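>>> let's see this in three dimensions:
(one chain, ligands or ions: 1)
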Amino acid sequence: MKRAVYPGSFDPVTKGHLDIIERAANLADELIVGVLNNNEKTPLFSVEERVKMLVDVTAHIPNVRVEAFSGLSVEFCKKCDASFLVRGLRAVTDFEYELQMAQTNRSLDRDVDTLFLTTALNYAYISSTIVKEVAFYGGDISGFVPPQIKERVYAKIDAFRAAQNGI
Ligand code: ADP
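Below you'll find the predicted structure:
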């Protein structure tokens, strides 16, 4: 049984993430999407909301499971009994950080390898940050996120804005 873990913040999940999930699910017997519960970053969506979004957009892929985790990806990998981590590479700008992370993870645990999948070209420019920024200014995000996610992002941004304005 070849199990893989795809870790990330997914705040929110984008079409680029989903493309990586679909392709990685073809390579592994089981793919676990690990949603990072990171106290240092302040995400727009709670970890429970991010997990729910991923569960909804991956409902059509039978060998995908979604779980929240905190701490090191390699530890989560070990806990899941997974043999490799999956990461997506958009551009050279991702490369340096991703290489450093992969080397660090390998030195932490020699049994865990990192598998990089290059982004589909039409999704290469998409990031969760860009999605939030465009939505914040009222732009159309339907090209960036799966259809089930669009309204949730606008609603969350509205709630965020209302909280900021003390409404
Ligand atoms: P992190 O906070 O760990 O960077 P992200 O949710 O931003 O988490 O990304 C998780 C993984 O998905 C990373 O490997 C990232 O490079 C990859 N990724 C992000 N956006 C895209 C995209 N548009 N296409 C392919 N991979 C992507």
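
>>> hang on, isn't Ile21 packed against Gly34?
No. If you go by CB atoms under 8 Å, Ile21 and Gly34 don't touch, sitting 11.6 Å apart. For every residue, glycine as well, the C-beta is placed using N, CA and C.

>>> what residues does stretch 50-59 touch?
Stretch 50-59 is contacted by residues 9-13, 18, 21, 33, 35, 43, 45, 64, 66-68, 146, 148-149, 152 when judged by CB atoms under 8 Å, 6 or more residues apart in numbering.

>>> poorly predicted segments of the chain, please.
Along the chain, the model assigns pLDDT under 70 to residues 39-40, 167.

>>> just the strands in it please.
Ranges of strands in the chain, per DSSP state E, are 3-8, 30-36, 64-69, 84-89, 113-118.

>>> any chance of CSV for these, columns mean neighbour count?
Output for those, formatted as CSV (neighbours: other CB atoms under 10 Å):
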stretch, mean neighbour count
strand 3-8, 23
strand 30-36, 24
strand 64-69, 18
strand 84-89, 21
strand 113-118, 15
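
>>> using TSV, lay out those strands together with distance to the ligand.
Listed next are the strands of the chain as TSV, based on distance: least, CB to the nearest ligand atom, whole Å:
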stretch	distance to the ligand
strand 3-8	3
strand 30-36	6
strand 64-69	12
strand 84-89	2
strand 113-118	7
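
>>> distance to Arg161 for those - can I get that in CSV?
Output for the strands of the chain, formatted as CSV (distance: least, CB to CB, whole Å):
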stretch, distance to Arg161
strand 3-8, 25
strand 30-36, 24
strand 64-69, 26
strand 84-89, 30
strand 113-118, 35
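
>>> need the residues of this protein near the ligand, please.
The chain has residues 8-10, 14, 16-17, 20, 87-88, 90, 94, 119, 123, 126-128 near the ligand, with proximity defined as CB under 6 Å from any ligand atom.

>>> among the residues you listed, which one sits closest to Thr104?
Closest approach between the residues of the chain next to the ligand and Thr104, by CB to CB: Arg87, at 12.5 Å.

>>> what sits against the closest one?
Counting by CB under 8 Å, 6+ apart, Arg87 has contacts Tyr6, Pro7, Glu98, Met101, Ala102, Thr114, Leu115, Phe116, Leu117.

>>> which residues does the second one bridge with?
Beta-bridge partners of Pro7, counted by DSSP bridges, are Gly34.
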